[in-house]
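[1] Take this sequence and fold it.
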Amino acid sequence: MAKRKGKGPTPKAEDRHWHGKRQKARAAKNAKRTGTPTMGRGGRPAPTDSPRPSSRPAGARRGDGDSPELVTGRNPVVEALRAGVPGTALYVMSGTDERIRESIQMAADRRIPLLETGKNELDRLTDGAVHQGIALQVRPYRYAHPDDLLKGTAPLIVALDGITDPRNLGAIVRSAAAFGATGVVVPERRAAGVTAGAWKTSAGTLASVRVAQATNLTRQLKAYQQAGCFVAGLDARGSTPVSDLEVASGPFVLVVGSEGKGLGRLVADTCDMLVTIPMPGQAESLNAGVAAGIALYEISRLRS
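    Got it, this is the predicted structure:
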């Protein structure tokens, strides 16, 4: 610490009498501008879960909790709008690029509010992402309760264990819609959620197939069993081909695991039976979305 000649060490900024007032005034100004307080106790910056990145690749930035997601970049935004991703606002710096003009036109056709903004404001909104002058705000998805999927006399539910890619979730939702499933259940943690990527891959079927979140997937499967459902896990270790699963004609839950790890041990032990897709070819495994689609086709054939 430097010393001032004859006056002792130089005090730190936070120890000076004016520091607290200046920080509070700055926080109040930021809060008025953004609607979000930026300072914590004692005039110090509010803590965050992780350091703010200086930049991110163009694409989707997932919100936390109930906060909206932002899709950034010219190509990602126009692709999201083409896929029918439910946007709530389109932020644009300028409309000179062809893809930006197309995004503006599609947003107008769908009555999505268009908000002109400057670079600094868009940098702040996208948290440093590479936005290329455009960002689409996507409303937070409202998950159903797992018990809400127990409708009808013979519900067909798809439960996902270890699926972390939103594109796989979207593909499975699309197959669920095609083959008459009641809904899809995903764990709250360490699993893919409904993001813009999932919306795009689902080809709009997320608007008709409900996705529920389970606090504990194993516990939820047991609850489904108590409600009268037969729970079958799709796994390479299974001995019964999914095409021979006659019990699928009643209340049924199909559990799909990840391509690499398959079903977790507790989830597999909870299942009433493990079923498999026979593969006479040379591939060792199938993508989770592809496997779920094949299994749901066979189950729908058995239920028809």
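
[2] The helix or strand hosting Leu115 - which strands sit beside it in the sheet, and in what orientation?
    For Leu115, the host element (DSSP states H and E) is strand 114-116. Strand 114-116 pairs in its sheet with strand 87-92 (parallel), by DSSP bridges.

[3] buried set for the strand it pairs with?
    By neighbour count on 16 or more other C-beta atoms under 10 Å, the buried set for strand 87-92 is 87, 89-92. Every C-beta, even on glycine, is put in place using the N, C-alpha and C of the backbone.

[4] Now flag whichever of those residues is closest to Pro241.
    Set against Pro241, the nearest of the buried residues of strand 87-92 by C-beta to C-beta is Gly87 (42.9 Å).

[5] Tell me who's in contact with the closest one.
    Gly87 makes contact with 71, 80-81, 107, 110, 112, 136-139 under the criterion C-beta atoms under 8 Å, 6 or more residues apart in numbering.

[6] residues in contact with the nearest residue to Ala108 once chain neighbours are set aside?
    The shortest distance from Ala108 to any non-neighbouring residue, by C-beta to C-beta, 6 or more residues apart in numbering, is to Leu114 (6.8 Å). Contacts for Leu114 were tallied using C-beta under 8 Å, 6+ apart; they are 89-90, 92, 104, 107-108.

[7] now Lys222
    Lys222 neighbours (C-beta under 8 Å, 6+ apart): Thr270.

[8] before we move on, back to that, top of the contacts of Gly87 by number of neighbours, please.
    Using other C-beta atoms under 10 Å as the neighbour criterion, Val71 leads those with 30 neighbours.

[9] Which phi and psi values does that one adopt?
    Backbone torsions for Val71, taken as degrees, to the nearest 10, come to phi -100, psi 120.

[10] So for it, what's the pLDDT?
    The model reports Val71 with a pLDDT of 90.

[11] That one is in contact with Val85, isn't it?
    Yes: contact between Val71 and Val85 holds when scored by C-beta atoms under 8 Å: they sit 7.1 Å apart.

[12] Of all residues in the chain, which one is nearest the centre?
    Geometric centre of the chain, nearest residue: Gly193, 3.0 Å, by C-alpha atoms, centre = their mean.
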